[in-house]
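Enquirer: how would this look folded up:
(2 chains)
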Amino acid sequence: MKIENFNLSKQKRIIFKDVNFYFEDCQLNFVLGKRQSGKTDLLDQIAQNESLNNLIGFPKTSKIAYLAQQNDFYVNLTVAEILHFIRQLDGTKKFTPPLRILQLERQKFLELSMVEKKLVIIYLNIMVEKELYLFDEPEMGLDLVSSQEVFSWIRELVKLDKTIIITTNKLDNICDIDNVNYIKAHDEILVDSYLKIKSRMAF
Amino acid sequence: MELRNDWALFKIQLTIAFKERFYFVYTLIVPMFMVFLNKTLNFQDNESIYVYWSYIVVTTVFNGFLLNLIRLRESGFLKTLTYLSGSRHSIVLANLLVQLIIVQLEIFLFNLYVTFFITHVSSLTFVYGFLASSLITVLCIAMTSIFFVLKIRRVVFNYLSGGIFTVGVLLLGVHPQGFNKALLTIFSPFQFAYGLYVIPCSTIKYAVFLAFCSLLYLIISVLVFKKFSIGEKLR
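Expert: All right, here's what the predicted structure looks like:
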């Protein structure tokens, strides 16, 4: 999957100018960049790729799961009821939820801590059967242990031959072999394995 | 495939609506209390009951349909849910159907309450309430969909709807004629809903005017929901 000669501007501000992105199929891909560098705008464009010509090889919108950055669900439902709703949607994976989620099943979603809410919402996005998974800064608001757990769930998706694109401004959860698109500037994107990007990021 | 998702969305929204019992205080208990206070007044004609029906429809549209969508969008979950379920229109449609069911249930319970404690409500009025309320709820949603153009936050929406409720309810007691009546019908959802309920006893001129307003609001709502933003970054 790739994006060629990509230009994007919003309210007269240039976000990307003639840049290319490249994402490996059935792998974990990161979009690394500082805050306000256009990472969310990029995911929005990928999620709506059907109307754009320079986004090549992306699945159609109905085959994409997209976890928004800011997420809350003000409903008086238990976690089990929310999971049951997701299972009723067309195309969900049949696997047992991880222990961390099972422990929360009987609790009301509104009564969960911010970290627990985030874990449940991330897990909902993993449950659905899609071709491409977009995660907008999933580690935001999570402690180190929870963040590592979430990335272990996400890495399980790769084993199921799913393509994942994650935006982040932290380096903690990126492995050396992961494909990274580093937004160095609005007109310069470095694309390579994280090991190689690390050496080039220094300059 | 889409039908399965639509059905799942409908069921979850219905469950959510019935679990949020507090808002029935505004939409059902308050009009019941109001009609109880007014029972000593002349309550023989159907037009009296239409005032309460309009209140039930408009408050349900505000507290149910509009507030639900604004809250979902502001929390960022609308974006996530749209991609999980495959369509933002399914979410809007499921929400609309749930509110239709709630309005029907509220109108039915209100009519039963009036029959038992205030005055007899004919079976014809029950049927009219059932048929007219569905259409009027859809038209009220179409009228109030203009709120989505403003991209307002929940807090602002709460203040705004509080103001509209107060002014709207006060003006329901006023029965202006001519230009003032037309102006009130255009801007007050309560007056618009009431106007639609009393169509059978209205002049042809006013009925045509209401039909024109309804058509206009429907066109606006189609345009609004076509361009409806699922993003959480609002003003």
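Enquirer: send the alpha carbons of stretch B:121-128 over as PDB?
Expert: This file holds the C-alpha atoms of stretch B:121-128, laid out as PDB (Å, rounded to 0.1, in the frame of the first residue of the first chain):
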ATOM      1  CA  VAL B 121     -59.200   9.900  25.400                       C
ATOM      2  CA  SER B 122     -61.000   8.300  22.500                       C
ATOM      3  CA  SER B 123     -59.500   5.300  20.600                       C
ATOM      4  CA  LEU B 124     -59.500   7.500  17.500                       C
ATOM      5  CA  THR B 125     -57.200  10.000  19.300                       C
ATOM      6  CA  PHE B 126     -54.900   7.100  20.300                       C
ATOM      7  CA  VAL B 127     -54.700   6.000  16.600                       C
ATOM      8  CA  TYR B 128     -54.100   9.600  15.500                       C
END
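Enquirer: buried residues, it. List them.
Expert: For stretch B:121-128, a neighbour-count test (16 or more other C-beta atoms under 10 Å in any protein chain shown) marks B:121, B:125, B:128 as buried. Quick note: C-beta positions are derived from backbone N, CA and C, even for glycine.
Enquirer: now that stretch, how far from the chain's geometric center?
Expert: 20 Å (C-alpha atoms, centre = their mean, to the nearest Å).
Enquirer: can you tell me what sits against that stretch?
Expert: The contact list for stretch B:121-128 (C-beta atoms under 8 Å, 6 or more residues apart in numbering or on different chains) reads B:46, B:49, B:108, B:111, B:114-115.
Enquirer: how about low-confidence regions in chain A?
Expert: Along chain A, segments meeting pLDDT under 70 span A:91-93, A:202-203.
Enquirer: so for it, the centremost residue is which one?
Expert: By C-alpha atoms, centre = their mean, chain A has its centre lying nearest to A:Phe135, at 1.4 Å.
Enquirer: that residue touches A:Asn125, doesn't it?
Expert: Yes - judged on C-beta atoms under 8 Å, A:Phe135 makes contact with A:Asn125 at a distance of 7.2 Å.
Enquirer: joint contacts of these two?
Expert: Taking C-beta under 8 Å, 6+ apart as the contact rule, A:Phe135 and A:Asn125 both touch A:Leu67.
Enquirer: longest helix of chain B?
Expert: helix B:88-117 (DSSP state H).
Enquirer: tell me which helix or strand comes right after the top helix by length along chain A.
Expert: For chain A, the longest helix by residue count, based on DSSP H, is helix A:144-159. Next along the chain after helix A:144-159, taking DSSP states H and E as the criterion, comes strand A:163-168.
Enquirer: please enumerate residues in contact with the helix or strand bottoming out on mean pLDDT in chain B?
Expert: For chain B, counting by mean pLDDT, DSSP states H and E, helix B:147-150 ranks last in confidence among helices and strands (a mean of 77). Identification of contacts with helix B:147-150 by C-beta under 8 Å, 6+ apart yields B:66, B:69-70, B:157, B:160, B:224-225, B:228.
Enquirer: may I see the buried residues of that helix?
Expert: B:147-148.
Enquirer: how distant is that helix from the center of its chain?
Expert: Relative to its chain's centre, helix B:147-150 lies at 16 Å (C-alpha atoms, centre = their mean).
Enquirer: got it, and stretch A:83-97?
Expert: Distance of stretch A:83-97 from the chain centroid (C-alpha atoms, centre = their mean) equals 19 Å.
Enquirer: can you give me the end-to-end span of it?
Expert: 9 Å (C-alpha to C-alpha, to the nearest Å).
Enquirer: how about stretch B:141-158?
Expert: 17 Å.
Enquirer: next: stretch A:54-70.
Expert: Using C-alpha to C-alpha, the end-to-end distance of stretch A:54-70 comes to 28 Å.
Enquirer: before we move on, back to that, wait, which of the buried residues of stretch B:121-128 is closest to chain A?
Expert: B:Val121 (32.8 Å; C-beta to the nearest C-beta).
Enquirer: follow-up on the earlier one: identify the farthest-apart pair in the contacts of stretch B:121-128.
Expert: Pairwise distances across the contacts of stretch B:121-128 peak at 15.9 Å for B:Asn46 and B:Phe108 (criterion: C-beta to C-beta).
Enquirer: between these two, which one's more packed in?
Expert: Ranked by neighbour count (other C-beta atoms under 10 Å in any protein chain shown), B:Asn46 and B:Phe108 place B:Asn46 first, with 17 against 14.
Enquirer: need the pLDDT of that one.
Expert: On pLDDT, B:Asn46 comes in at 68.
Enquirer: and what of the one 3 residues further on?
Expert: At B:Ile49, the pLDDT value in this model is 87.
Enquirer: then B:Ser214?
Expert: 92.
Enquirer: give me the three-state assignment for it.
Expert: Here B:Ser214 is recorded as helix under DSSP: H, G, I helix; E, B strand; the rest coil.
Enquirer: list the contacts for it?
Expert: B:139, B:142, B:196.
Enquirer: try 7 Å this time
Expert: Applying C-beta atoms under 7 Å, 6 or more residues apart in numbering or on different chains to B:Ser214 gives the contacts B:Leu139.
Enquirer: quick one, phi psi at the residue nearest to the centre of chain A?
Expert: phi -130, psi 120 (degrees, to the nearest 10).
Enquirer: kindly report the same for A:Pro97.
Expert: Residue torsions, per degrees, to the nearest 10, at A:Pro97 are phi -60, psi 150.
Enquirer: relative to A:Leu144, how far out is it?
Expert: 22 Å (C-beta to C-beta, to the nearest Å).
Enquirer: likewise A:Leu190?
Expert: 27 Å.
Enquirer: follow-up on the earlier one: state the mean pLDDT of the longest helix of chain B.
Expert: Per-residue scores along helix B:88-117 average to 90.
Enquirer: which residue ranges of the chain form helices?
Expert: Picked chain A for this. Under DSSP H, chain A gives helices at A:39-47, A:79-88, A:99-102, A:114-127, A:144-159, A:194-201.
Enquirer: wait, chain B was what I had in mind.
Expert: Under DSSP H, chain B gives helices at B:2-19, B:23-24, B:30-37, B:46-60, B:67-75, B:77-85, B:88-117, B:123-144, B:147-150, B:154-172, B:178-187, B:189-197, B:204-226.
Enquirer: redo the ones you listed as JSON lines? Include distance to A:Phe109.
Expert: Output for the helices of chain B, formatted as JSON lines (distance: least, C-beta to C-beta, whole Å):
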{"stretch": "helix B:2-19", "distance to A:Phe109": "11"}
{"stretch": "helix B:23-24", "distance to A:Phe109": "18"}
{"stretch": "helix B:30-37", "distance to A:Phe109": "28"}
{"stretch": "helix B:46-60", "distance to A:Phe109": "24"}
{"stretch": "helix B:67-75", "distance to A:Phe109": "12"}
{"stretch": "helix B:77-85", "distance to A:Phe109": "11"}
{"stretch": "helix B:88-117", "distance to A:Phe109": "18"}
{"stretch": "helix B:123-144", "distance to A:Phe109": "27"}
{"stretch": "helix B:147-150", "distance to A:Phe109": "25"}
{"stretch": "helix B:154-172", "distance to A:Phe109": "18"}
{"stretch": "helix B:178-187", "distance to A:Phe109": "38"}
{"stretch": "helix B:189-197", "distance to A:Phe109": "32"}
{"stretch": "helix B:204-226", "distance to A:Phe109": "27"}
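Enquirer: sounds good, over and out.
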